[in-house]
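Undergrad: pasting the structure only:
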Ligand SMILES: Nc1nc2c(ncn2[C@@H]2O[C@H](COP(=O)(O)OP(=O)(O)OP(=O)(O)O)[C@@H](O)[C@H]2O)c(=O)[nH]1
């Protein structure tokens, strides 16, 4: 397509979108329209077709008050409808006989527009089958039986065919770009063209047509080839009136472009009913007639009710489906933060649940970025690329905390996963501070989509219409296949919401783990501090501070329970000589060696500590003087038995004292100290007791 053609096409699309289809200034000729003043006296606008409905000339319609040429019954019903509309009704309906139409009554639709009361009159003609109500009832019942979305749509087209006299009934579903896909179809005869599975470009139903369905969910075209009946303004009303907005009614004239489109499709009459999901246009029930016939307003209203019911059921089924999805998400959440399980690091959290998420979200890889850590489940991507992607996400999408694309190759982060199979990404941030970058990233492979188009989508042509360039209705509805590559499946709102929830849970889990880690570190630091406070750094025996505390406790216990308690103080003999001869380091080694050897000799209930320098203290709990003498002797002998490297045998002198009531710690230690001096005095390497 060259630039000029491109320009023509965009101009045509713009013009089509602007076509004022709600004010065509004409009605379909099978009906008549009257627009009345609010006193219901004078006709301000009338369709030319009104003449045949009331058996009088337009001049009479315009010049004489309504009551002079309209049936009295119609006037009464009009007044009642007017009251209802004043009370807030959007449209009202009644049935009445009119003089110009014989052998049938007319179905009237009443609404307000342009400050006028608009009356649309349609002859019913067709005699409804006697069992019409029963048929409608049966179809409604069948619609309540179906379980899935597919079944509902299939039943809808079947029921629509049973209630009406159309040859082809189909459901047309819009995609995100307003292209339509025929998702269900019923053909009265197999010889008819089938459109099932085919796609129609968005330009087939331009924006203002879609908007019209919000104003009026039903659109009936009785005969595409019939010439419209023009609306005429009462010549006695001098000020020119604005064109009447015919959106709420059923008689709105057919745009010639659309009539042409229908003819190209082989359709001479149609009825479309909008299907809404909440307030969003979801699709259309579209009924086509290939032969002229009349569809009564009753059938039309029954079809509308049928669609309303099907829409409710579709919404309900979608709700059930999303409920089932969220139930599975909930189960996964419970497992993720199970209070009975131990707290797991982020990596383990992902490996515990990630496999389920692959299925649940229909993805090929789940990646978790937690600071500088990357964990992945499924078809793993390069760690470095994921890290770079997370940094890009932090820079560009931290504020919203969510980024999704079904076409990575066309996204602004395409470079990070280039050359991989991934085409779709849903990333949600973990609610941490920005510094600790956290993202849950779901990745999908490509899902090549094969679309059958009813005619080539890009082959839109233009034509001149009323001095403007407009889209030319397509001549061809031949099947054309298009392959859409480089895309994954679309991310649903439910998946986005669930991913956010799971990312929050992961953040909670990861924080709990961090807190636990910190607590453990704190506990270790505390233990270490406690150890340092009570331990002698060189010998790793209890230090003097600890020994004093223990001795105080034991003295108190001894006082209370009258248990015996003894202490032993021993001091290495001639230790200065060792230091002097071999150096301080060798002296230190001797002190360490002695400590290790003698600590091994102690009962667990006894405490051995370094009292200072080369002096040691033993607290012998529940020991009399004779018990502790034996212990001291054993220690002395053990020491004497050790051959230290370089230094050889080292001895010590021992002083003992037993606690007596009323004594203090100082008294007890002093007594033992005296005995130690005695031992030194007596020639060292011996045990002496205080008297
Ligand atoms: N290597 C080393 N030496 C220490 C330490 N604490 C005290 N000393 C030394 O121990 C020696 C004690 O000497 P003195 O009090 O004269 O006693 P002694 O030589 O053992 O003689 P007696 O106790 O009378 O048998 C001193 O030289 C101190 O410097 C220590 O932690 N490491």
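TA: Arrived safely, thanks for sending. Just so we're clear, the structure is a prediction, and the values are computed from it rather than from any experiment. Numbering: from 1, shown residues only.
Undergrad: What distance do you get for whichever residue of the stretch 251-400 of the chain sits closest to the ligand to residue 254?
TA: Using C-beta to the nearest ligand atom, the closest approach of the stretch 251-400 of the chain to the ligand is made by residue 345 at 44.6 Å. All C-beta atoms are positioned from the backbone trio N, CA, C, and that covers glycine. Separation of residue 345 from residue 254 (C-beta to C-beta, to the nearest Å): 68 Å.
Undergrad: So those two - more neighbours on which side?
TA: With neighbours defined as other C-beta atoms under 10 Å, residue 345 and residue 254 compare such that residue 254 has more, 24 against 16.
Undergrad: residues contacting that one?
TA: Going by C-beta atoms under 8 Å, 6 or more residues apart in numbering, residue 254 touches 28, 221, 224, 228, 262.
Undergrad: I figured the residue of the stretch 251-400 of the chain closest to the ligand was touching residue 512, is that so?
TA: No - Residue 345 lies out of contact with residue 512 (C-beta atoms under 8 Å); the separation is 10.1 Å.
Undergrad: What parts of this protein come near the ligand?
TA: The chain comes close to the ligand at residues 538, 571-576, 579, 584, 587-588, 591, 613-614, 680, 684, as judged by C-beta under 6 Å from any ligand atom.
Undergrad: hey, where'd the strands end up in the stretch 501-650 of the chain?
TA: Assigned by DSSP state E, counting those that start in this stretch, the strands in the stretch 501-650 of the chain fall at 565-572, 607-612, 615-621, 643-644, 648-649.
Undergrad: okay, the ones you listed, which one's buried deepest?
TA: Scoring the strands of the stretch 501-650 of the chain by mean neighbour count under mean count of other C-beta atoms under 10 Å gives strand 565-572 as the most buried, with a mean of 26.
Undergrad: Give me the sheet partners of it and which way each runs.
TA: Strand pairing for strand 565-572, determined by DSSP bridges: strand 615-621 (antiparallel), strand 652-658 (antiparallel).
Undergrad: Mind naming the longest helix for this protein?
TA: helix 493-534 (DSSP state H).
Undergrad: who's in contact with the residue of the stretch 251-400 of the chain closest to the ligand?
TA: 510, 513.
Undergrad: start at 227 instead
TA: I'll keep to 227 as the first residue from here, and by that count the last item is residue 571.
Undergrad: Quick check: it vs residue 615, distance?
TA: 22 Å.
Undergrad: Any idea which residue of the stretch 627-776 of the chain lies closest to the ligand?
TA: residue 764 (5.8 Å).
Undergrad: Quick check: closest non-adjacent residue to the residue of the chain found nearest the ligand.
TA: In the chain, the residue that lies nearest the ligand is residue 813 (2.5 Å; C-beta to the nearest ligand atom). Leaving aside its chain neighbours, residue 813 sits nearest to residue 805 (4.2 Å; criterion: C-beta to C-beta, 6 or more residues apart in numbering).
Undergrad: Run a quick neighbour tally on the residue of the stretch 627-776 of the chain closest to the ligand.
TA: 13.
Undergrad: one step back: would CSV of the strands paired with strand 791-798 with distance to residue 723 and mean pLDDT be doable?
TA: As requested, the strands paired with strand 791-798 are arranged in CSV below (distance: least, C-beta to C-beta, whole Å; pLDDT from 0 to 100):
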stretch, distance to residue 723, mean pLDDT
strand 841-847, 67, 97
strand 878-884, 77, 97
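Undergrad: Of these, which is nearest residue 385?
TA: strand 841-847 (95.0 Å; C-beta to C-beta).
Undergrad: Show me the contact partners of that closest one.
TA: So strand 841-847 is in contact with 767, 773, 776-777, 780, 789, 791-798, 820-821, 824, 828, 831-837, 853-854, 857-858, 861, 878, 895, 898, going by C-beta under 8 Å, 6+ apart.
Undergrad: rerun at 7 Å
TA: The contact list for strand 841-847, computed with C-beta atoms under 7 Å, 6 or more residues apart in numbering, reads 773, 776-777, 780, 791-797, 831-837, 853-854, 857.
Undergrad: and that strand, how far from the chain's centre?
TA: Offset of strand 841-847 from its chain centre (C-alpha atoms, centre = their mean, to the nearest Å): 69 Å.
Undergrad: Cool, thanks, signing off.
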